[in-house]
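Asker: Below: sequence and its predicted model.
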Amino acid sequence: MIETPPNESKPSRSTLALSAASIAVCLFGNLGAIGLTGPDEPRYVWIARAMARTGDWVTPRLYGQPWFEKPVLYYWAAAAGFLLHLPAEWAARLPSAVAALAAALAIAWLAKKHYGGNSNSLLSPALLAPVVFATSVAAIGFARAATPDMIFSAAITIAMACAASVFRQRGALRGPAVSEPARNSDSASLALFGGVLGLAVLGKGPAAIVLAGGAVAIWTLVTKQWRAAIRLAHPVAILSFCVIAIPWYALCAVRNPDFLRVFLWQHNVERYATPMFHHRQPFWYFGPIILLALLPWTALLWPAAREGLRLWREKSWICSPGFFFACWALWPVVFFSFSQSKLPGYILPAIPPLALVGAAAANRAISEDGARSRALLSAIGATWLVLGAASAFAGPRWIHVQLVGPIAASPGLYVAVLALVIAAVVTVAAFRARPATAILLCAVSLAAAVEIASLRLLPAIDPLVSARPHAEFMRNDLHPDRIFTYHLSRSWNYGLAFYFQRELPDWPPADPRPALVLTTKTGLEEIRKLGRVSGEIEEMQPGLVYVPVMPVPAAR
């Protein structure tokens, strides 16, 4: 069994409270700090709001028309928020935050079952794994995204935790905390495995079966644990899967004859096999994405790799829980690397198991070798230095506004100073043999950074990336029917439509009547050439322009 350093085996209640608070702030803190952004958030949330208003819980509809890009689970979850009269942004993002917490708890349970250790120590995998996951860039970003990605990833995580439970009960996984297979029935684990996998299919479609099944298949081919793997196809698992997943698909197909063609063929097969959705990236695309997604804990991949090499040399990987978790983590990356359409969220299901194996390997490195512990924590400190340098040099290019009030300079400078201080303290804690202090500092610092960004930075850039402030500004317009868009991006069109609660029409230059046109600099120049600009122009960087359009003079 992996043991923790004796000098930090009993952390104070304040340490545990700070760890829990860091997770809560990173996942739930001020979800409404910024309005819905990008083309996806306002589009998905429009569909959820429409479900809540119309009571049609079967057919997703965008602007009144069926929309089959994604299945229904996220829409149901967000629609429940609207029925509870939550603010739009909270209704939209709370499902993802709750799902991220569920994924964190699932890997904590896995770590407790398979790695044991002192569950009261911050360095125990059962506590370190959820902290690493919840405070990673991937979890913070997608827990605050109004998309199905985190719900899908959490469902995959819970399903794989159930699969691991079945394997453990069958004696196929025997980690340091599992010397003998459990003797109790695995029916509950099988039922939960099938049901949660069904939820994942409702979350993003048949990719759930491919990801879970592919990971189990690779593990089985290598370890030859055929009996344990076949156990997952037990009738109890199949029945629970069918009860959860099939009814909605059947109802939607009956009501919408083109559903299976559009959803299954266009948005699954063609999306994977062709670049028709214009998300083509190089084969190695997900390698850097993984490194960025795990920040600031990317250095934990180093002890995880060393642990894998050790298991390989000792030939103890056949019954190793870590090998199963590694198959689970690597398969989404391999599978989607061959896809002709790549987006960062595709490999989100790999982040929980990577956090788990990273935490377990870090626990071993810190427990057994003082030099390795110092090197690992120094690497985490160096990560903060790199983040600080990137903020200092690249931040001014990415952020085009300045915070007001007591903080009047570029936010990148303050991030750089904060990162430098954290890096120094982490390094000092490493060399003073206080690894738990260093880990806790990183988690608390991330939570503080998230809170500061939610209170200061995100509200400042809200008008630049979200349509929410613009809709509020024009809420009392005397002629709402005369507000148009012209040459705007999809993000602005979908965002404006959501917050105006109607699809804004594109301005036809032949329209002779006065109007207010929301456009870009290019659109403004075209309107100027037509001689239609009237009154004062308000320009909102990085490109949204309010253009009053004069009527066409009557012919004499």
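Answerer: Structure received.
Asker: Going by the annotation, which residue ranges form each domain of this protein?
Answerer: 11-364, 372-462, 470-549 (automatic domain parsing).
Asker: any chance of the ones you listed in TSV, with mean neighbour count and mean pLDDT too?
Answerer: Quick note: C-beta positions are derived from backbone N, CA and C, even for glycine. As requested, these are arranged in TSV below (neighbours: other CB atoms under 10 Å; pLDDT from 0 to 100):
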stretch	mean neighbour count	mean pLDDT
domain 11-364	20	91
domain 372-462	18	70
domain 470-549	16	84
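Asker: next helix or strand past the host helix or strand of Val210?
Answerer: Take DSSP states H and E as the rule and Val210 turns out to sit in helix 207-223. As assigned by DSSP H and E, the chain's next helix or strand after helix 207-223 is helix 226-230.
Asker: what separates the strand or helix carrying Val196 from the chain centre, distance-wise?
Answerer: Element membership of Val196, judged by DSSP H and E, is helix 187-204. The chain centroid and the centroid of helix 187-204 are separated by 20 Å under CA atoms, centre = their mean, to the nearest Å.
Asker: what helices or strands is that helix leaning on?
Answerer: helix 73-83, helix 149-169, helix 207-223, helix 235-255 (3 or more CB pairs under 8 Å, 6 or more residues apart in numbering; DSSP states H and E).
Asker: between the second one and helix 73-83, what angle do the directions make?
Answerer: Between the axis of helix 149-169 and that of helix 73-83 there is an angle of 120 degrees, by axes from the mean of the first three to the mean of the last three CA atoms, to 10 degrees.
Asker: Contact partners for Ala139?
Answerer: Cys26, Leu27, Ala100, Ala103, Ala104, Phe133, Ile351 (CB atoms under 8 Å, 6 or more residues apart in numbering).
Asker: same thing but at 7 Å, please
Answerer: Residues near Ala139 by CB atoms under 7 Å, 6 or more residues apart in numbering: Cys26, Leu27, Ala100, Phe133, Ile351.
Asker: Filter those down to just the ones in strands.
Answerer: Among those, DSSP state E puts none in strands.
Asker: could I get those as TSV with distance to Ala449?
Answerer: What follows is the contacts of Ala139, written out as TSV (distance: CB to CB, whole Å):
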residue	distance to Ala449
Cys26	9
Leu27	14
Ala100	17
Phe133	17
Ile351	19
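Asker: related to what we said a few turns ago, which one of the helices and strands packed on helix 187-204 lies nearest to Ile380?
Answerer: Of all the helices and strands packed on helix 187-204, helix 149-169 sits nearest to Ile380, with 24.0 Å by CB to CB.
Asker: then that closest one to CSV, C-alphas only?
Answerer: Coordinates of each C-alpha in helix 149-169 appear next as CSV, following Å, rounded to 0.1, in the frame of the first residue of the first chain:
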residue,chain,number,x,y,z
ASP,A,149,-18.9,18.1,-23.1
MET,A,150,-18.6,17.9,-19.3
ILE,A,151,-21.8,16.0,-18.8
PHE,A,152,-20.6,13.5,-21.4
SER,A,153,-17.2,13.2,-19.8
ALA,A,154,-18.6,12.8,-16.3
ALA,A,155,-20.9,10.0,-17.5
ILE,A,156,-18.0,8.2,-19.1
THR,A,157,-16.0,8.7,-15.9
ILE,A,158,-18.7,7.1,-13.7
ALA,A,159,-19.2,4.3,-16.2
MET,A,160,-15.5,3.5,-16.2
ALA,A,161,-15.5,3.6,-12.4
CYS,A,162,-18.3,1.0,-12.5
ALA,A,163,-16.3,-1.1,-14.9
ALA,A,164,-13.3,-1.0,-12.7
SER,A,165,-15.5,-2.0,-9.8
VAL,A,166,-16.7,-5.1,-11.7
PHE,A,167,-13.2,-6.0,-12.6
ARG,A,168,-12.0,-5.6,-9.0
GLN,A,169,-14.8,-7.8,-7.8
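Asker: Let me know whether Leu83 touches Ala52 as I believe.
Answerer: Yes: counting by CB atoms under 7 Å, Leu83 does reach Ala52; the two are 5.1 Å apart.
Asker: Next, Val533: phi, psi?
Answerer: For Val533, the backbone dihedrals (degrees, to the nearest 10) come out as phi -70, psi 130.
Asker: Who does it form a beta bridge with?
Answerer: For Val533, the beta-bridge partners are Val549 (DSSP bridges).
Asker: gap between it and Ile527?
Answerer: Distance of Val533 to Ile527, computed by CB to CB, to the nearest Å: 6 Å.
Asker: what sits in contact with each of those two?
Answerer: Val547.
Asker: so who does Leu301 touch?
Answerer: Contacts of Leu301 by CB under 7 Å, 6+ apart are Leu294, Gly358.
Asker: Apply 6 Å and report the result again.
Answerer: By CB atoms under 6 Å, 6 or more residues apart in numbering, no residues touch Leu301.
Asker: Just give me how far the helix or strand harbouring it sits from the chain centre.
Answerer: Using DSSP H and E, Leu301 maps to helix 301-314. Relative to the centre of its chain, helix 301-314 is centred 28 Å away, using CA atoms, centre = their mean.
Asker: for the protein, what spans make up the strands?
Answerer: Under DSSP E, the chain gives strands at 61-62, 65-66, 483-486, 515-519, 538-540, 544-549.
Asker: what about the closest residue to Arg61 other than its chain neighbours, distance to Val333?
Answerer: What sits nearest to Arg61 in space, not counting adjacent residues and going by CB to CB, 6 or more residues apart in numbering, is Ala50, at 5.4 Å. In this view, Ala50 and Val333 are 35 Å apart by CB to CB.
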